[in-house]
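J.: need a 3D model of the following:
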Amino acid sequence: MLRTVAGVGAGFALGYCMPKLDALAPLAEPVEQALHKLHLQFGPKPNIQLTYFDIAGVAEKVRLTCVVGKLPFNDVRVSFEQWPKLKPTSKFGQLPMMEVDGTTVAQSSAMLNYVGKVTGMYPSEPKKALKVDEVIGLHEDLWGAIRPSILVMRDPKLSQKEAQRRQAEMRKELADEKIPAILGFFEKMLAENGTGFFVGSTPTTADIAVYTQLRALQAGYLDGIPKTCVDPFPKLKAFYNQINSRPEVEEWYKKKK
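T.: Numbers count the residues shown, from 1 in each chain. All right, here's what the predicted structure looks like:
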């Protein structure tokens, strides 16, 4: 028992000190991952409940980080019909919401950071954390580019025909210019890292965020955006297939069918 405690203590010291030294930083990753696995297996687990609509949306990256990181959580799905009654009691009047040991939080990016830190999928080493945040920022830029083409269909000032016309124009620009440009940036990042992941050599929250985005793009949910839009980017396609074939990811989506 004393030997185990001493080993864990030494590991924490190494995990803390190694990120301070660039030369030793590569050694910190396996130590940090091992410690998080030990903590998740033997340590106290937070009581997490994630509430969102029964769609992937902005909560899927949080859900899937928990799945890949082996972090148990209660996945609560709300129908669109239930939402008007729930909305007045929700934090900031929006979903997703997450309860952690009885404390309610909002904002999917905050949730992703939290579950990433708990699972070890968000690096403690500052430079790696910076790269993870950069990838997630680009992922958010892509959703920001797509979102107006969704919201235009809800504009009460437009007739359905005019809204459809404008959406078609937006989607063509997205398919021809904006989406290929951002996917190209992702491709370059994967090439620069050289491990098949965006940062380090194991999955991080950045990988999960981009994976869920690529999954949505290839599902054909967005009219005017070809499902083959990822195909011209071989490293990105290989990255997607690698995450997609992980047993826990396959099992997650098998259960959701």
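J.: mind listing what the nearest residue to residue 114 once chain neighbours are set aside touches?
T.: Nearest non-adjacent residue to residue 114, counting by Cβ to Cβ, 6 or more residues apart in numbering: residue 100, 7.0 Å away. Placement of C-beta: from N, CA and C, glycine included. Residues in contact with residue 100, defined by Cβ atoms under 8 Å, 6 or more residues apart in numbering, are 46-48, 114.
J.: do you know the pLDDT at residue 100?
T.: The model reports residue 100 with a pLDDT of 97.
J.: how near is it to residue 133?
T.: For residue 100, the distance to residue 133 equals 21 Å [Cβ to Cβ, to the nearest Å].
J.: could you do residue 70 as well?
T.: From residue 70 to residue 133 the distance is 23 Å (Cβ to Cβ).
J.: do residue 67 as well
T.: The value you get for residue 67 to residue 133, if Cβ to Cβ is used, is 22 Å.
J.: residue 164: neighbour count?
T.: Neighbours of residue 164 under the rule other Cβ atoms under 10 Å: 14.
J.: tell me how many other residues crowd the closest residue to it other than its chain neighbours.
T.: Distances taken as Cβ to Cβ, 6+ apart place residue 153 nearest to residue 164, at 7.5 Å, with adjacent residues excluded. Residues near residue 153, counting by other Cβ under 10 Å, number 13.
J.: distance of residue 153 from residue 162?
T.: Taking Cβ to Cβ, one finds residue 153 at 10 Å from residue 162.
J.: any chance you could map the strands in the stretch 51-200 of the chain?
T.: Assigned strands in the stretch 51-200 of the chain, in chain order: 74-78, 97-100, 103-106 (criterion: DSSP state E, counting those that start in this stretch).
J.: the second one: which residues count as buried?
T.: Taking 16 or more other Cβ atoms under 10 Å as the neighbour-count basis, strand 97-100 is seen to contain the buried residues 97-100.
J.: could you do the longest one as well?
T.: Neighbour-count burial for strand 74-78 flags 75, 78 (criterion: 16+ other Cβ under 10 Å).
J.: and that strand, what does it pack onto?
T.: strand 48-53 (3 or more Cβ pairs under 8 Å, 6 or more residues apart in numbering; DSSP states H and E).
J.: outside of the strand it packs on itself, list whatever touches it.
T.: Contacts of strand 48-53 (Cβ under 8 Å, 6+ apart): 58-59, 62-63, 66, 71-80, 83, 95-100, 111, 115.
J.: okay, and for the protein, where does confidence drop off?
T.: 1-43, 257 (pLDDT under 70).
J.: how about a cut-off of 90?
T.: Across the chain, the ranges flagged by pLDDT under 90 are 1-45, 220-221, 255-257.
J.: residue contacts, the nearest residue to residue 239 once chain neighbours are set aside?
T.: Computed as Cβ to Cβ, 6+ apart, the closest residue to residue 239 that is not its neighbour in sequence is residue 190, at 5.8 Å. Residues counted as contacts of residue 190 (Cβ under 8 Å, 6+ apart) are 196-198, 235-236, 239.
J.: done for today, thanks.
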